[in-house]
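Enquirer: Predicted coordinates and the sequence they were generated for:
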Amino acid sequence: MAARIDHLTTSGVFTLDGGAWEVDNNVWIVGDDTEAIVIDAAHDPDAVTAALAGRRLTAIVCTHAHNDHVNAAPALAEATGAPILLHPDDRPLWELTHPGRAPDGELADGQTLTVAGTGLRVLHTPGHAPGAVCLYAPDLGTVFTGDTLFAGGPGATGRSFSDFPTIIASIRDRLLTLPPETVVRTGHGESTTVGAEAPHLREWIDRGH
C-alpha cells in the first residue's frame, strides 16, 4: 500500500521571549497501515498516539524546535520507542523546552527519510529558526514546511533566533523552485501550493523592508 498523509490539529501555548500565545498546530502523519512517521509532535501525545492507530512509529521529525512543535515529542518517543530527529542548528531552541533531554538523531540537508516506501527529502530552510527544515515528498506531490512558508507568506521572523532575509532566501531558493503544483502543508492553518505563493515573493520582500 502506498504511503498516505493523515492530519490532526492540536492546541496549546507557544512561548518565546517571555510571551505566550494560544496556537493550533498541524500534526502530519505519513505512512501506510503498518508504519508511519510523525512531523511535529505538538501539544498532545495521546492524540497523536491515537491517530497512529497501532502503526509502528519509525521517527518523530521536528521541522524546528519552537516549543509548540516539539513539546509532545519526548512523551511520544517514550510511548512508541521512535527516535526524535532535529537539525542540530536548532539545539539552542530545543534546550529551552527540553533541557537535559537531547534529540535522538540529527537531520541534515539533502538527507532522505523513507517510510512505507516513500522518500521525504530534508531541505534546510533557516530563517524562522536556524535549524528549520522542510520535508519534500515528490511521490506524494507535497512539501511539509513547518513554519517556513504559509498560505499567504513566510513564517514570522520578529523573535529570537530568526532572520527575515534568511527566510526569504530559503523560500526563494529551496521551496519556490519545486514544481508549482506541489502542495504546501504548513505548521499552522490551511495548505496552499508552491504555484499560489510564488508570485508574492517580491511583495514579501518589499513588506519586510
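Expert: Here it is on my side, so go on.
Enquirer: Nearest residue to D147 in space, please, no chain neighbours.
Expert: Nearest non-adjacent residue to D147, counting by Cβ to Cβ, 6 or more residues apart in numbering: G155, 3.9 Å away. Quick note: C-beta positions are derived from backbone N, CA and C, even for glycine.
Enquirer: my read: the one you found touches P126, true?
Expert: No - judged on Cβ atoms under 8 Å, G155 makes no contact with P126 at a distance of 10.9 Å.
Enquirer: shared neighbours of these two, anything?
Expert: Common contact partners of G155 and P126 (Cβ atoms under 8 Å, 6 or more residues apart in numbering): A132, I167.
Enquirer: And for the residue nearest to D147, the neighbour number?
Expert: Here the count is done by other Cβ atoms under 10 Å, and G155 has 24 residues near it.
Enquirer: Which pLDDT value does the model give it?
Expert: Note for G155: predicted pLDDT of 97.
Enquirer: again, but for the one 4 residues further on
Expert: R159 carries a pLDDT score of 95 in this model.
Enquirer: again with the one 10 residues further on
Expert: According to the prediction, A169 has pLDDT 96.
Enquirer: partner residues bridging E22?
Expert: V13 (DSSP bridges).
Enquirer: Count the neighbours of it for me.
Expert: With neighbours defined by other Cβ under 10 Å, the count for E22 comes to 9.
Enquirer: Let me see the backbone angles for the residue nearest to D147.
Expert: Dihedral angles phi and psi of G155 (degrees, to the nearest 10) take the values phi -70, psi 170.
Enquirer: So for the nearest residue to T118 once chain neighbours are set aside, what's the pLDDT?
Expert: Spatial nearest neighbour of T118, chain neighbours left out: A3 (3.8 Å); criterion: Cβ to Cβ, 6+ apart. pLDDT, A3: 94.
Enquirer: Pull up the gap between A3 and V61, please.
Expert: Distance of A3 to V61, computed by Cβ to Cβ, to the nearest Å: 14 Å.
Enquirer: Right, I'll leave it there.
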